[in-house]
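> okay, here's the prediction I keep looking at, along with the sequence it came from:
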Amino acid sequence: MSEFRIINEIPSETARAVAYLRAIGNLEENSAFACQDSFAQFFLNDQERLALKKMQFDAVKRYWISNHSLPGAYEYLVARTKLFDSVLLAAIDDGIEQVVVLGAGYDSRALRFGQDSKAPVFYELDALQTQQRKQEALKTTGSNYERLPHFLPIDFNRQNTREVLLLSNFDRNKRTLFLWEGVSMYLDADAVRDLLTELQNLCKKPALCIFDYVYAEALSGEKDYYGAKESLAFVRSQGEPYTFGINNGLIREFLTQLGFDLVEHYDDEKLVGHFLSDQFGNILGRPHGFFAVALARTKPEGCV
């Protein structure tokens, strides 16, 4: 039985760990560092919720996490959350009509940004067991949400994303943003290429897709990036190892081969400059160095 089969039979533990770090980030006293996600706490287990209630988060605790457990992981997750939020908000301001969250885990953006009557429609695709746990957790928040996302179960290694979406009320003619956060590294190369090819051919209008990935050199051990050894060991221990990466510096070529235009690219230094520095340019944290984020645009046939 493969790791991917196991992930689809039980709720993802790494997704819950990510939610825990987002919940901590929401407690940060320094607004220049904090990420705003008050919903993340609802997806935690009892022990984590208790720890969160007792926590007054400050730079000392952050330093301990960064230097004694998973160096740079917390900082990266905070920066990534802020980056994906900013891309989503810009797209909403620009009139985006649909948001598809691929491998949603315990993403809360449909709750944070999708409740207004003029907000885009959200679709969340992920393993059935993770979605079921998420929906159960939402019942504990004590709130009634008028606009929940459309939950669409999928096994990314075995099912066609295009077909899953088209079996729902997803509209190919509407302007769409795809959020693919913390997923590509868990798939195999064919699954990543197939999914991006499906997205390229899915929408009849140019669509945006933002996703993060790891450097292939970190997976092979060819280069020792900051925080890589510890993070790779952690995901292996959870039964969810990283299996896919793109060589550092080759993201534009990779996307061009699949019919995408690279709009923006964020490596660790750019993440620091945009999301982990204060107004005076002081660096507030260092993310691990083997992750990067790409914002790309599809080029449907007939569109320039």
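Now that the structure is in, tell me what you want to look at.
> pull the helix or strand with minimum mean pLDDT from this structure.
Sorting the helices and strands of the chain by mean pLDDT, DSSP states H and E puts helix 3-9 at the bottom, at a mean of 39.
> any idea which helix or strand comes after that helix?
helix 13-26 (DSSP states H and E).
> name the helices or strands packed onto that next one?
In this structure, helix 13-26 packs against helix 46-54, helix 73-93, with contacts taken as 3 or more CB pairs under 8 Å, 6 or more residues apart in numbering; DSSP states H and E. In this view, the C-beta of every residue, glycine as well, is placed from N, C-alpha and C.
> for the shortest one, name the packing helices and strands.
In this structure, helix 46-54 packs against helix 13-26, with contacts taken as 3+ CB pairs under 8 Å, 6+ apart.
> could you do the longest one as well?
When contacts are defined as 3+ CB pairs under 8 Å, 6+ apart, helix 73-93 sits against helix 13-26, helix 59-68, helix 109-113, strand 176-180, strand 208-214, helix 228-237, helix 268-275, strand 291-298.
> what mean pLDDT does the helix or strand following that helix get?
Remark: after helix 73-93, the chain's next helix or strand is strand 98-102, criterion DSSP H and E. If you average the pLDDT over strand 98-102, you get 97.
> next one: stretch 297-304
For stretch 297-304, the per-residue pLDDT averages 70.
> on that earlier part again, mean pLDDT added to the helices and strands packed on helix 13-26, as TSV?
Formatted as TSV, the helices and strands packed on helix 13-26 follow (pLDDT from 0 to 100):
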stretch	mean pLDDT
helix 46-54	80
helix 73-93	96
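> which one of the ones you listed lies nearest to residue 140?
helix 46-54 (10.0 Å; CB to CB).
> re the thing from before, could you identify which of the helices and strands packed on helix 73-93 is most buried?
A comparison of the helices and strands packed on helix 73-93 by mean neighbour count, using mean count of other CB atoms under 10 Å, puts strand 176-180 on top with a mean of 25.
> could you say what helices and strands the helix or strand following that one packs with?
As assigned by DSSP H and E, the chain's next helix or strand after strand 176-180 is helix 189-200. Counting contacts by 3+ CB pairs under 8 Å, 6+ apart, helix 189-200 is packed against helix 161-166.
> check what pLDDT residue 234 gets.
87.
> again, but for residue 2
For residue 2, pLDDT reads 31.
> same question, residue 15
pLDDT, residue 15: 85.
> could you find the closest non-adjacent residue to it?
residue 105 (3.3 Å; CB to CB, 6 or more residues apart in numbering).
> ok, that neighbour - contacts?
12, 15, 18-19, 126, 130, 134, 181-182 (CB atoms under 8 Å, 6 or more residues apart in numbering).
> try residue 168
Contacts of residue 168 by CB under 8 Å, 6+ apart are 123, 150, 152.
> the last one and residue 164 touch, don't they?
By that I understand residue 152. Yes. Taking contacts as CB atoms under 8 Å, residue 152 lies within contact range of residue 164: 5.4 Å.
> quick check: residue 49 touching residue 55?
No. Look at residue 49 against residue 55 with CB under 8 Å: they stay out of range, at 10.5 Å.
> coming back round to it: so which of the helices and strands packed on helix 13-26 is the most surrounded?
Using mean count of other CB under 10 Å, helix 73-93 ranks as the most buried of the helices and strands packed on helix 13-26, with a mean of 21.
> chain center to that one: distance?
With CA atoms, centre = their mean, to the nearest Å as the basis, helix 73-93 stands 9 Å off its chain's centre.
> same check, this time on stretch 188-196
That offset, for stretch 188-196, works out to 17 Å (CA atoms, centre = their mean).
> how about the CA coordinates for it, as PDB?
Output in PDB follows, covering the C-alpha atoms of stretch 188-196 (Å, rounded to 0.1, in the frame of the first residue of the first chain):
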ATOM      1  CA  ASP A 188       4.700  12.200  -8.400                       C
ATOM      2  CA  ALA A 189       6.000  14.000 -11.500                       C
ATOM      3  CA  ASP A 190       3.300  12.600 -13.800                       C
ATOM      4  CA  ALA A 191       0.500  13.700 -11.500                       C
ATOM      5  CA  VAL A 192       1.900  17.200 -11.300                       C
ATOM      6  CA  ARG A 193       2.300  17.600 -15.000                       C
ATOM      7  CA  ASP A 194      -1.100  16.000 -15.700                       C
ATOM      8  CA  LEU A 195      -2.900  18.300 -13.200                       C
ATOM      9  CA  LEU A 196      -1.300  21.400 -14.700                       C
END
